[in-house]
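Asker: Sequence and predicted structure below; questions after.
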Amino acid sequence: MFSFKTLRHAFVCGFAVVFFVGRLRGGTGEESDRLFAQVCQAHAELSYAEISLRAHVILTRSFTNLPESARAHWKKEGVDTDRPHVFSDSMFSIFGESARESGVDRKGMEYVKCRNPEYAFLIARSERIPKYAIQLLEKNGDESRLAERIKDEVAVVISVPLAGFYMIGIPLSELFDSLDFKLKNCSELVQNEKRLVKVEFEYKPLRPPRMLDAYILINPMENWRIEQYSYSQVADTHVEGKITYRSMNGGVPIPSKITQIGLGSRSPATSETVWDIEVLPEQVDAKEFFLSHYGLPEPNFAQRMFGGWAYYFLGAAVCVCASFGVSRWRRRAR
């Protein structure tokens with residue numbers, strides 16, 4: 001039998017251990033949940049409806065300690081790994097829920113990626129063929145591989161000027177609400193005389209990219225924007241990022257620079273990717289987010305009785321029937 005004194009001693013020791021562990025984790029579970037609820041509510045209430053901006057974005061990447069195989073790969077792509085290389089120089093526009101990116105790709109094709117409240121598209125043209133041609137087109141909300149590809153293409157357009165509220169192309173409000181999101185801890189800290197909130201988590205969707213051993217530092221005094229972030233990927237790559245801000249638009253902080261370091265866990269190779277963002281004084285016209293602005297007809301999705309896959313299937317069926325008909329005609333001709 002245990003005496004009352006022994007039980008009391010065990011209770012006190014147990015309470016001390018729980019309290020000490022809680023201090024190491026940055027707070028008790030209740031404190032973590034309460035603080036995380038504040039973060040979720042703040043991001044759920046954020047609105048981008050008043051944003052109207054045009055920005056010039058230059059993406060530069062530099063490498064160190066690359067193995068010879070990687071250097072040879074980049075050399076084939078025309079990239080000199082001994083100095084910083086400009087991978088893209090493009091224009092970004094946001095008008096409420098609409099987003100647009102335009103530029104010239106590495107093959108010399110002039111492209112426009114765009115999403116408006118009704119649909120998303122990717123169009124391109126070249127010097128030989130000056131008229132734009134549709135590469136991708138899908139109605140918002142459609143569930144297909146094509147829609148997923150367009151969503152991924154356009155996500156970058158939004159997530160660069162709004163990097164303070166996005167991770168890997170996903171708004172924090174959606175990320176926190178995802179079934180693939182797992183909160184580890186949420187605590188407060190002071191860094192460079194700033195009171196920040198540290199959210200530690202994992203994000204493991206079926207389809208990559210994923211974020212393991214991840215955290216973000218959020219500044220509650222500046223619209224709950226992201227200051228820093230860190231995560232690991234399945235491909236043995238660790239990513240660390242820092243965001244610098246300069247201006248506001250529609251009550252939302254717009255970054256001037258995003259610096260992201262990629263570290264290989266099994267090699268000394270590192271990469272530094274920098275987005276330099278210059279907000280321009282030009283006005284944004286809502287018309288530039290629609291196909292008609294580029295001399296193309298507006299899509300009539302009401303006439304599409306089937307998904308986009310059906311038209312590929314019908315096209316293939318026509319080709320098969322035509323081939324069958326030609327072969328029969330040749331046999332009869334003999």
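Answerer: Done, it's in. Numbers count the residues shown, from 1 in each chain.
Asker: ok, the residue nearest the centre of the chain - contacts?
Answerer: What sits nearest the mean C-alpha location of the chain, by Cα atoms, centre = their mean, is residue 169, with 1.4 Å. With contacts taken as Cβ atoms under 8 Å, 6 or more residues apart in numbering, residue 169 has the following neighbours: 152, 155-156, 158-159. Where you see a C-beta, it was placed from the backbone N, CA and C, and this is true even at glycine.
Asker: Which residue ranges of the stretch 151-300 of the chain form strands?
Answerer: Assignment of strands within the stretch 151-300 of the chain using DSSP state E, counting those that start in this stretch yields the ranges 166-167, 170-171, 181-191, 194-203, 211-219, 225-233, 237-249, 252-264, 270-280.
Asker: Output the ones you listed in CSV; the columns should cover mean pLDDT, distance to residue 112 and mean neighbour count.
Answerer: Output for those, formatted as CSV (pLDDT from 0 to 100; distance: least, Cβ to Cβ, whole Å; neighbours: other Cβ atoms under 10 Å):
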stretch, mean pLDDT, distance to residue 112, mean neighbour count
strand 166-167, 94, 21, 21
strand 170-171, 90, 23, 19
strand 181-191, 95, 33, 15
strand 194-203, 96, 30, 18
strand 211-219, 96, 30, 19
strand 225-233, 95, 28, 20
strand 237-249, 90, 22, 16
strand 252-264, 92, 22, 18
strand 270-280, 94, 17, 17
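Asker: Please parse this structure into its domains.
Answerer: By the record's domain assignment, the chain is partitioned as 54-91+170-281, 97-161+283-313 (automatic domain parsing).
Asker: Format those as JSON lines; extra columns: distance to residue 33.
Answerer: Converted to JSON lines, these look like this (distance: least, Cβ to Cβ, whole Å):
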{"stretch": "domain 54-91+170-281", "distance to residue 33": "7"}
{"stretch": "domain 97-161+283-313", "distance to residue 33": "27"}
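Asker: Just tell me which of those domains ends up closest to residue 31.
Answerer: Ranking these by their distance to residue 31 (criterion: Cβ to Cβ) puts domain 54-91+170-281 first, at 7.8 Å.
Asker: picking that back up, figure out which of the strands of the stretch 151-300 of the chain is closest to residue 129.
Answerer: Nearest to residue 129, of all these, is strand 270-280, at 28.7 Å by Cβ to Cβ.
Asker: Quick check, residue 195 in contact with residue 218.
Answerer: No: the pair residue 195 / residue 218 is not scored as a contact, 10.4 Å apart, by Cβ atoms under 8 Å.
Asker: So which residues of this structure form helices?
Answerer: Assigned by DSSP state H, the chain shows helices spanning 4-24, 29-44, 68-76, 145-159, 172-177, 308-333.
Asker: which one of those helices has the lowest average pLDDT?
Answerer: Per-segment confidence across those bottoms out at helix 4-24, which has a mean of 39 in mean pLDDT.
Asker: Quick check: the gap between residue 128 and residue 215.
Answerer: Look at residue 128 and residue 215: by Cβ to Cβ, to the nearest Å, they are 49 Å apart.
Asker: try residue 252
Answerer: Distance of residue 252 to residue 215, given as Cβ to Cβ: 23 Å.
Asker: Likewise for residue 58?
Answerer: With distances taken as Cβ to Cβ, residue 58 is found 28 Å from residue 215.
Asker: No further queries at this time; thank you.
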